[in-house]
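**Student:** return a 3D structure for these sequence lines:
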Amino acid sequence: MAEYTFREVIAQAMSEEMRKDESIFLMGEEVAEYNGAYKASKGMLDEFGAKRVIDTPIAELGFTGIAVGAAMNGNRPIVEYMTFNFALVGIDQIINNAAKIRQMSGGQWNCPIVFRGPTASAGQLGATHSQAFENWYANIPGLKVVVPSNPYDAKGLLKTAIQDNDPVIFMESEQMYGDKMEIPEEEYYLPIGKADIKKEGTDVTLVSFGKIMKLAIQAAEDLAKEGISVEVIDLRTVRPLDFDTVLASVKKTNRLVILEEAWPFGSVSSEITYMVQQKAFDYLDAPIKRITTPDAPAPYSAALFADWFPKLEKVKEEIKKAMYVKS
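**Tutor:** As a prediction, the model looks like this:
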């Protein structure tokens, strides 16, 4: 075991797979000469050369289309977006081509491609640079959507995503790139579509994913001191979503709280709520609770942003409500 940052394991995962398969290449803005906007491809240009680590113009629609065409012709591109907010410029290629070409071609073409970059907010970046798009992409048949919460999960899931024969949306966070964790020296892969129980508990189930998992774990640790046992589930993948793990936990704890950094309407938490009431309604001892951002664009003001973003105290308050415990 050795300690690595999130950005380092992203580079490790890509490099390890690129050494095995010459059809894999990385393209995006500043991925080569600058070592990546967040230094997540540091050293890769030196190792693999300019034909496999490619700096692109600021033209997401263009280089996303190039990657889709390359994938249809036997390559396995990795596309880095400086942020998924910018992927909106290329979203037509993702949704109408990458996600659909296998079905529309009757299985003649696969589209093995990874679209990766940061999602959601990262402080004072304004409304147009602070959007969470996990539920957007998860709504599209043909796409897989992975949102890791820590370096260990990120490396194992990214390696699996690169080997997948379908398009994978791989969502990171600017605020996680410096996170450190001990990583095994031996090679490993993690399955897409399998949630992970980060903390076992008996009183209430708390489900989350991505960088806001830190808030979920902290809430569980704080409430343990008050005698409330919280089971914390990290979805890791929101499409396919591991409903079985969530349902098994709810049948044990009889309560569910969902924490998500996203707007509430049509969110991942909405889908989980529907599935749990459909398949485990009789096991529930309390209404399902969820914590999301407000139904409004992210403010730029530091004071307003702090009020907009889900708070630790709010998470603990909703858990206590599910337990019928007064705060």
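
**Student:** all helices for the stretch 151-300 of the chain, in order.
**Tutor:** Using DSSP state H, counting those that start in this stretch, the helices assigned to the stretch 151-300 of the chain run over residues 151-163, 213-224, 243-253, 268-280.

**Student:** and among these, the most buried is which?
**Tutor:** helix 151-163 (a mean of 23; mean count of other C-beta atoms under 10 Å). For glycine as for every other residue, the C-beta is placed from the backbone atoms N, C-alpha and C.

**Student:** send the alpha carbons of it over as PDB?
**Tutor:** Extracted C-alpha coordinates of helix 151-163, given in PDB (Å, rounded to 0.1, in the frame of the first residue of the first chain):
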ATOM      1  CA  PRO A 151      -9.300   7.700  -4.700                       C
ATOM      2  CA  TYR A 152      -9.500   3.900  -4.100                       C
ATOM      3  CA  ASP A 153     -12.900   3.600  -5.700                       C
ATOM      4  CA  ALA A 154     -12.000   6.000  -8.500                       C
ATOM      5  CA  LYS A 155      -9.000   4.000  -9.700                       C
ATOM      6  CA  GLY A 156     -10.800   0.600  -9.700                       C
ATOM      7  CA  LEU A 157     -13.900   2.000 -11.300                       C
ATOM      8  CA  LEU A 158     -12.000   4.000 -14.000                       C
ATOM      9  CA  LYS A 159     -10.000   0.900 -15.000                       C
ATOM     10  CA  THR A 160     -13.200  -1.000 -15.400                       C
ATOM     11  CA  ALA A 161     -14.800   1.800 -17.300                       C
ATOM     12  CA  ILE A 162     -12.000   2.000 -19.800                       C
ATOM     13  CA  GLN A 163     -12.400  -1.700 -20.500                       C
END
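
**Student:** pLDDT of it, averaged?
**Tutor:** In this model, helix 151-163 has an average pLDDT of 98.

**Student:** what is it packed up against?
**Tutor:** Packing contacts for helix 151-163, counted by 3 or more C-beta pairs under 8 Å, 6 or more residues apart in numbering; DSSP states H and E, involve helix 6-20, strand 114-118, strand 144-146, strand 168-172, strand 180-183.

**Student:** got these as JSON lines, with mean pLDDT, distance to residue 278 and mean neighbour count columns?
**Tutor:** Converted to JSON lines, these look like this (pLDDT from 0 to 100; distance: least, C-beta to C-beta, whole Å; neighbours: other C-beta atoms under 10 Å):
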{"stretch": "helix 6-20", "mean pLDDT": "98", "distance to residue 278": "36", "mean neighbour count": "21"}
{"stretch": "strand 114-118", "mean pLDDT": "98", "distance to residue 278": "31", "mean neighbour count": "26"}
{"stretch": "strand 144-146", "mean pLDDT": "98", "distance to residue 278": "21", "mean neighbour count": "27"}
{"stretch": "strand 168-172", "mean pLDDT": "98", "distance to residue 278": "26", "mean neighbour count": "27"}
{"stretch": "strand 180-183", "mean pLDDT": "98", "distance to residue 278": "36", "mean neighbour count": "15"}
